[in-house]
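>>> Sequence first, then the predicted structure, then my questions.
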Amino acid sequence: MKYKGIIFDFNGVLLWDAPLHVQAWQATALRLRGSPLNDDEFSIHVHGRTNRHILSYLRGRNFQEAELLELIQIKESMYRDLCLKNPETFVLSPGAEALLDLVSSKGIPRTIAIASEKTNLDFFIQHLGLDKWFDLPRIVFDDGALPGKPAPDMYAKAATNIGLPPYDCIVVEDAISGFQSSHTANIGHIVGLGPLETHNKLLACQGVSTVIESFEQFPRELLANA
């Protein structure tokens, strides 16, 4: 079967920035609770989740809005500084530009569903040139209007933004919360992206049909008109 559109997760998919996020979140965890996050906590409560969820988890309660916004800005400022200090990491992932060039040249509907707030999205647009491939108003980000992943809303909204029903779309994801979100949104084909040693685990996630190590392995035959 071929699909008419494609929706990309961003962090961990188009941008392999996990070490930078880990460093920033561990510093935040030490600040808020005095102990670092373990691997299971990262998998369940960090990867693909909104800052609001992660910070509430770390503190063990919800925040007053002003305190929440201040903590988000501290963490994300730390993360953005790390991005600029690590230019070898702060680049689009292997094969991403070639695939984006292809879908753009073929007019294949495409967008991003990102768990970050607008400040980080604007940072990525500025430094990674995302406006070369994406219609910026169609990008779905955490503006507080929709429940974050694993709720289906972000991927359902992304499909709507590119004018397609979810079942006509491919999603490329790397996080459990993103797999749950896209599956519940009735996305037609879910591609899991991760290192080879994680592929059996990714394939065991509900809804995942294809696994790749990078966009260099992306099965272009899944896309109509590619």
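All right, it came through fine. Computed from a prediction, not measured in an experiment: that's the story for all the values here.

>>> And the next helix or strand past the helix or strand bottoming out on mean pLDDT in the chain?
Using mean pLDDT, DSSP states H and E, the weakest-scoring helix or strand in the chain turns out to be helix 51-59, at a mean of 90. Next in sequence after helix 51-59, counting helices and strands by DSSP states H and E, comes helix 65-85.

>>> just the angle between that next one and helix 51-59, please?
Calculated by axes from the mean of the first three to the mean of the last three C-alpha atoms, to 10 degrees, helix 65-85 forms an angle of 100 degrees with helix 51-59.

>>> okay, and for the chain, where does confidence drop off?
Low-confidence segments of the chain, defined by pLDDT under 70, are absent.

>>> Do you have the strands of it handy? List them.
5-8, 110-112, 169-173, 189-193, 208-212 (DSSP state E).

>>> any idea how far the least confident helix or strand of the chain is from the chain center?
17 Å (C-alpha atoms, centre = their mean, to the nearest Å).

>>> Can you list the neighbours in contact with it?
25, 28-29, 32-33, 37, 41, 45-46, 62-63, 68, 71-72, 75-76, 116-117, 142, 144, 148 (C-beta atoms under 8 Å, 6 or more residues apart in numbering). Backbone N, C-alpha and C define where each C-beta goes, glycine included.

>>> CA atoms only for that helix, dumped as CSV, please.
The C-alpha trace of helix 51-59 is given here as CSV (Å, rounded to 0.1, in the frame of the first residue of the first chain):
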residue,chain,number,x,y,z
ASN,A,51,7.7,19.7,29.4
ARG,A,52,4.6,20.1,31.5
HIS,A,53,4.3,16.4,32.0
ILE,A,54,8.0,15.8,32.6
LEU,A,55,8.3,18.6,35.1
SER,A,56,5.2,17.6,37.0
TYR,A,57,6.5,14.1,37.1
LEU,A,58,9.9,15.2,38.5
ARG,A,59,8.2,17.4,41.2
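
>>> Report the buried residues of it.
For helix 51-59, a neighbour-count test (16 or more other C-beta atoms under 10 Å) marks Asn51, Arg52, His53, Ile54, Leu55, Tyr57, Leu58 as buried.

>>> Check stretch 178-197 too.
Neighbour-count burial for stretch 178-197 flags 178-185, 187-194 (criterion: 16+ other C-beta under 10 Å).

>>> Right, I'll call it a day here.
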